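1. Coordinates for the following, if possible.
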Amino acid sequence: MGIAPYRLPALDQVKLLVLNAVSSRSTRVMYAKALDDFFRWRLGQGSPAFSRATVQAHRAMLESKGYAASTINQRLSAIRKLASEAAANGLLDAETAACIHQVPGIEQRGIRAGNWLTRTQAEALIHAPDARTRKGKRDRALLALLVGCGLRRGEAVALTAGHIAQRDGRWVIADLRGKHGHIRTLPVPAWVKQAIDVWMADAAITEGRVLRALNRHGQLCGDSMSPQAVWNVVTSYGQALGLSLKPHDLRRTCAKLCRSGGGELEQIQMLLGHASIVTTERYLGTRQDLVNAPNDRIGLHWNREESQSQTTGTP
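-> Coordinates of the predicted model:
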């Protein structure tokens, strides 16, 4: 049983079900593009049946165009989700959906580490905005939140004045809803709080979203800031410093600097809101150290006399 051609409403309805089942905004955007591209490609192929063979052919096309393994695997994830929703709604038989799920992804060799800034580079970045202007004050607060608290860009734009509170005698971002709806509370370093205070005082923000859009005259022109605007801010200041940066690189930098400063791995995991400590280790670029192996420090020793008698055979 094949799924309806792209021009029929059934396929768009299934796509909507797929997107509604995804909690992360960035993942929804990626899935939407992946499915739209798949639909257009399939239409160009004469709308073949939605099957394992069709998905494999699409994967081969992506490989031939030189797409990265991670990109191809993300797109296959979206197509597998489409198959699941189509089967659940009676538009595709379960056997075909299972076969589509079995289409293998592309093997990724090594670890995709991303970029990290050194402490000196991070300091240069947060001081790059012109603090004499309102835009500079906002951008400095944004960069401070990304580097100092490890926020995702979606979390940064969702931050409100009500999130900033005191717990255990210090300032925190309380009850922030992150990826997959996970809620966490993050400590806020004093220098980050100072940057936020300077921006909010200058913009007269006392409630609602902390980060706001500005027009070219430095005036507030909205009650929020878009994730794309965050991307633009980070990349532009990075370019000014001769660095190729994306917002997530600052999140990695936060993790790296926390660890180099003596932060415990589990606490960094909680700060970033990772469900798995493996993800945190990947952010840190952890590599096995065979020279200074941690298990060399356990401190246990064989009984020397017993060890010698076993070696010589002495009773």
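2. what residues go with each domain of the chain?
-> Using automatic domain parsing, the domain ranges for the chain come out as 9-101, 119-284.
3. Nearest to residue 107, out of these?
-> Residue 107 sits nearest to domain 9-101 of all these, at 6.9 Å, using C-beta to C-beta. Where C-beta positions appear, they are placed from N, C-alpha and C, glycine not excepted.
4. Pull the distance from the closest one to the chain's centre.
-> Mean-position distance between domain 9-101 and its chain equals 22 Å (C-alpha atoms, centre = their mean, to the nearest Å).
5. for stretch 90-106, same thing?
-> Distance, stretch centre to chain centre, for stretch 90-106: 27 Å (C-alpha atoms, centre = their mean).
6. Show me what the mean pLDDT comes to for it.
-> Summarised as a single mean, pLDDT over stretch 90-106 is 89.
7. In CSV: the domains of the chain, plus mean neighbour count and distance to residue 107.
-> Below are those laid out as CSV (neighbours: other C-beta atoms under 10 Å; distance: least, C-beta to C-beta, whole Å):
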stretch, mean neighbour count, distance to residue 107
domain 9-101, 17, 7
domain 119-284, 17, 17
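8. least reliable of those domains going by mean pLDDT?
-> Sorting the domains of the chain by mean pLDDT places domain 9-101 lowest, at a mean of 87.
9. who's the closest residue to residue 170 other than its chain neighbours bridged to?
-> Nearest non-adjacent residue to residue 170, counting by C-beta to C-beta, 6 or more residues apart in numbering: residue 187, 6.3 Å away. Counting by DSSP bridges, residue 187 is bridged to residue 172.
10. residues contacting residue 187?
-> Shown in contact with residue 187 (C-beta atoms under 8 Å, 6 or more residues apart in numbering): 149, 170-172, 271.
11. Can you tell me how far residue 208 is from residue 183?
-> From residue 208 across to residue 183, the span is 20 Å (C-beta to C-beta, to the nearest Å).
12. likewise residue 270?
-> Residue 270 is 12 Å from residue 183, by C-beta to C-beta.
13. same check, this time on residue 225
-> Distance, residue 225 to residue 183, using C-beta to C-beta: 22 Å.
14. I'd say residue 81 and residue 21 touch.
-> Yes. With contact defined as C-beta atoms under 8 Å, residue 81 reaches residue 21; the gap is 7.1 Å.
15. Can you tell me the SS state at the closest residue to residue 237 other than its chain neighbours?
-> Excluding the flanking residues, the one nearest residue 237 by C-beta to C-beta, 6+ apart is residue 128, at 4.7 Å. Classification of residue 128 by DSSP: H, G, I helix; E, B strand; the rest coil places it in coil.
16. List of residues touching the helix or strand harbouring residue 98?
-> Element membership for residue 98 (DSSP states H and E) is helix 94-101. The contact list for helix 94-101 (C-beta under 8 Å, 6+ apart) reads 1, 50-52, 55, 79-80, 83-84, 86-87.
17. Can you tell me which of these end up in helices?
-> 52, 55, 79-80, 83-84, 86-87 (DSSP state H).
18. Reformat these as TSV; add distance to residue 253.
-> TSV is the format used below for the ones in helices among the contacts of helix 94-101 (distance: C-beta to C-beta, whole Å):
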residue	distance to residue 253
52	42
55	37
79	33
80	33
83	38
84	36
86	41
87	42
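19. Can you give me the end-to-end span of stretch 273-281?
-> Here the two ends of stretch 273-281 are set 13 Å apart, with distance taken as C-alpha to C-alpha, to the nearest Å.
20. likewise stretch 180-190?
-> Per C-alpha to C-alpha, stretch 180-190 runs 29 Å from first to last residue.
21. coming back round to it: for the contacts of residue 187, which one is nearest residue 214?
-> Closest to residue 214, out of all of the contacts of residue 187 and judged by C-beta to C-beta, is residue 149, at 21.8 Å.
22. For residue 50, see how far away the residue lying closest to the closest one once chain neighbours are set aside is.
-> Nearest residue to residue 149, sequence neighbours excluded (C-beta to C-beta, 6+ apart): residue 186, at 5.2 Å. Distance of residue 186 to residue 50, given as C-beta to C-beta: 43 Å.
23. same thing with residue 270?
-> Counting by C-beta to C-beta - residue 270 and residue 50 are separated by 42 Å.
24. and what of residue 18?
-> 13 Å.
25. where do the helices sit along the stretch 101-250 of the chain?
-> 119-126, 134-149, 153-158, 190-203, 227-240, 247-260 (DSSP state H, counting those that start in this stretch).
26. Put together TSV for these, with distance to residue 280 on each row.
-> What follows is the helices of the stretch 101-250 of the chain, written out as TSV (distance: least, C-beta to C-beta, whole Å):
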stretch	distance to residue 280
helix 119-126	19
helix 134-149	15
helix 153-158	16
helix 190-203	20
helix 227-240	21
helix 247-260	7
